[in-house]
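Undergrad: Dropping a prediction and its sequence here:
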Amino acid sequence: MLPAFRHYCSYAGEAFKLLAQIESQIGPVQTFLKTSERDNPLLRRMGLHAFLMVPIQRVTKYPLLLQRIVDATPSWHTEARKWLEAAKALLQHHLQAIDDAVGKLQSYSGKGPKTRTKFKM
C-alpha cells in the first residue's frame, strides 16, 4: 500500500492543477462536475477537489488516533501499549517516507521547498 499511497501523494498537486484546468474549460465535463456537485445529495455539495484531498488528510490523522488509543489504554495493558506505540512509530516512518518522496518530486520539478506541503506527524 505504501508505494501506491506515496505515488498518490506525490502527484496530488498535478491532479489538482489538471482538475482546475478542466473545470475552467467550458464543456460537458465542467457541466457534469458542477451539476453533480449541486444536485447529487451523496456528494454533500463537495467538489472533486475535496474528494481528492480526503486520503491525504485521513492518513495524517492516523498517528493522532493511535496516540489517543494509547492514552486511553490502561497502563497495565503493557503488551497492547507496546504494539500501539510500535504501530504509531511505523506509521510515522511511512508518513516521513511519503513526505520525502513528495519533496523529491517537487525539487525535481523545480518547485522548490516554498511550495512543498509537509505532512504533519
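TA: Noted; the coordinates are in hand.
Undergrad: show me where the protein has helices.
TA: 2-10, 12-24, 28-39, 48-72, 78-108 (DSSP state H).
Undergrad: could I get those as a markdown table with mean pLDDT?
TA: Formatted as a markdown table, the helices of the chain follow (pLDDT from 0 to 100):
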| stretch | mean pLDDT |
| --- | --- |
| helix 2-10 | 81 |
| helix 12-24 | 87 |
| helix 28-39 | 84 |
| helix 48-72 | 87 |
| helix 78-108 | 86 |
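Undergrad: Read off the pLDDT value for the residue of the chain most remote from its centre.
TA: Relative to the mean C-alpha coordinate of the chain, counting by CA atoms, centre = their mean, the farthest residue is W76 (34.6 Å). pLDDT recorded at W76 is 94.
Undergrad: Please report how far it lies from E85.
TA: Counting by CB to CB, to the nearest Å, the separation of W76 from E85 is 15 Å. Bear in mind the C-beta positions are built from the backbone N, C-alpha and C, glycine included.
Undergrad: S36 too?
TA: Counting by CB to CB, the gap from S36 to E85 is 43 Å.
Undergrad: again with F51
TA: Distance of F51 to E85, given as CB to CB: 33 Å.
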